[in-house]
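*Asks:* Have a look at this prediction, sequence included:
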Number of protein chains: 2
Amino acid sequence: MIKTIGFDADDTLWHNETVFVATHARLCELLSGYHDASKVDDVLNTTERRNLARYGYGIKSFTLSAIETAIELSEAQVSADEIRRIIALAHDMLDHPVEMLEGVPETLSALTGAYHLIVITKGDLRDQSRKYQLSELDPHFAELEVVTEKDPATYERILRRHRLDPDEFLMVGNSIKSDILPVLEIGAHAAHVPYPHTWVLDEADRDPGGPRFHALNSIADLPALLRRLAH
Amino acid sequence: MIKTIGFDADDTLWHNETVFVATHARLCELLSGYHDASKVDDVLNTTERRNLARYGYGIKSFTLSAIETAIELSEAQVSADEIRRIIALAHDMLDHPVEMLEGVPETLSALTGAYHLIVITKGDLRDQSRKYQLSELDPHFAELEVVTEKDPATYERILRRHRLDPDEFLMVGNSIKSDILPVLEIGAHAAHVPYPHTWVLDEADRDPGGPRFHALNSIADLPALLRRLAH
């Protein structure tokens, strides 16, 4: 019997990866005098992967990696003005409005009251808190949990804090790697709602399965899933 | 009757501002070809203040502000290699070992069991979590709370979550602005333990006072304070 539902935020409640994809394109254009787009993307991904343990997730981490990428790709010829424009890209991302995904407010309204709803998101505390405030979804949720990494230990800690058995918890998200596999691993339920873009560092290395995995087409299918699980 | 004690982390449990002070000095030296140290510090402080709402606290925010400062002070003449050296300063800070303040483990050992102990720190989630892990103080604490801002609303939310009345809570920290004034404002107790350095953006605009304010010389004075408050 599900009591608490955890929602991923980026690309589950609101658009996020589209903003990064658009910024990647602007960065590739900015650095097109040094290398073509696929080379820029390659070096950026490598740099972000190398920096992940040190920087963590989020826009500031991306920006520092983008500056390092520009220095490397230009063989230290990139100008201060070009660096300034990379920082301006970051400011645009940090100031970007929050665009809700279709069906989100209606679905949350249908579930509020019947279930304890929480947001569980990884990333930068300041930026995630900003988007959460702007989303105006706070009345639906008991809590916003910003975590450094979505691994089984993190989900176990959250279940302990809320005094939940694993089969009383359902996680909803777009990332197989972060929202689905570690949740299934601890014996809880996980519902996957796909999003068109997945960041390369968030790609899963295996497919989920089993009776606690639920593949949905849209977040709007969640109330029907919960009715099925209640029987 | 105090039940729960909140501890600030940076400059209360472990050294932090000393690391920033040393990095400021290295940055001033790095940019000494453009301007003298006091000018570098002025522009850096102004830039950090301007970026605070957008970036939040922490080393990555400091680094982006330091790069912007270098571009501004050099009138966009700073080289890619100099920017790379600023990023290297950031890596040194992010990899810096955690140096405990004197008396911390002994004091926590004396209080563990008798009180519910939590860490309440503002800053970057990844970096604060890293330092918390490295400190090996986790066995003493029920929780690490990393918050975006230490204002009265934040402390009220924490008290609500722990189902505490204000007079059951004592906050311990070095920052009058962040650890003392907002805590006194919501009617809880606050103990100030001074640290030799205070970041200019964390300076308080007024003095604390009243029966719930407790000025200590050292964290080691905490058990005696708690004995007095219990009578």
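*Replies:* Yep, that arrived.
*Asks:* what about residue A:231, neighbour count?
*Replies:* Residue A:231: 4 surrounding residues under other C-beta atoms under 10 Å in any protein chain shown. (Glycine included, C-beta is placed from N, CA and C.)
*Asks:* What does the pLDDT read for it?
*Replies:* What the model reports for residue A:231 is a pLDDT of 83.
*Asks:* Which strand or helix spans residue A:191?
*Replies:* strand A:189-192 (DSSP states H and E).
*Asks:* just residue A:25 next, same as before
*Replies:* Using DSSP H and E, residue A:25 falls in helix A:17-30.
*Asks:* do that helix and chain B meet at all?
*Replies:* No: using C-beta under 8 Å from any C-beta of the partner chain, helix A:17-30 stays clear of chain B, coming no nearer than 14.1 Å.
*Asks:* Tell me the buried residues in that helix?
*Replies:* A:17, A:19, A:20, A:23, A:24, A:27, A:28, A:30 (16 or more other C-beta atoms under 10 Å in any protein chain shown).
*Asks:* Sheet-wise, list the partners of the strand holding residue A:191 with their directions.
*Replies:* Sheet partners assigned to strand A:189-192 using DSSP bridges are listed as strand A:169-173 (parallel), strand A:213-215 (parallel).
*Asks:* Highest mean neighbour count out of the ones you listed?
*Replies:* strand A:169-173 (a mean of 26; mean count of other C-beta atoms under 10 Å in any protein chain shown).
*Asks:* three-state assignment of the most far-flung residue of chain A relative to its centre?
*Replies:* Distance from the centre of chain A peaks at residue A:77, with 33.8 Å (C-alpha atoms, centre = their mean). At residue A:77, secondary structure determined by DSSP: H, G, I helix; E, B strand; the rest coil is coil.
*Asks:* and the residue nearest to residue A:135 when sequence neighbours are not counted, how many neighbours?
*Replies:* Nearest non-adjacent residue to residue A:135, counting by C-beta to C-beta, 6 or more residues apart in numbering or on different chains: residue A:98, 5.1 Å away. When neighbours are defined as other C-beta under 10 Å, residue A:98 has 17 of them.
*Asks:* for residue A:203, same thing?
*Replies:* Neighbour count of residue A:203, defined by other C-beta under 10 Å: 10.
*Asks:* Can you lay out the strands paired with strand A:189-192 as CSV showing mean pLDDT?
*Replies:* Formatted as CSV, the strands paired with strand A:189-192 follow (pLDDT from 0 to 100):
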stretch, mean pLDDT
strand A:169-173, 98
strand A:213-215, 97
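*Asks:* mind checking which of those is nearest residue B:147?
*Replies:* Judged by C-beta to C-beta, the one of these that comes nearest to residue B:147 is strand A:169-173, at 24.0 Å.
*Asks:* coming back round to it: show the average pLDDT along the strand holding residue A:191.
*Replies:* 98.
*Asks:* Next, count neighbours for the closest residue to residue A:140 other than its chain neighbours.
*Replies:* With sequence-adjacent residues excluded and distances taken as C-beta to C-beta, 6+ apart, residue A:140 is closest to residue A:108, at 4.2 Å. By other C-beta under 10 Å, 20 other residues sit near residue A:108.
*Asks:* which residues does residue A:108 contact?
*Replies:* By C-beta atoms under 8 Å, 6 or more residues apart in numbering or on different chains, the contact set of residue A:108 is A:117, A:137, A:140.
*Asks:* before we move on, what about residue A:173?
*Replies:* Contacts of residue A:173 (C-beta under 8 Å, 6+ apart): A:7, A:8, A:12, A:179, A:180, A:190, A:191, A:192, A:193.
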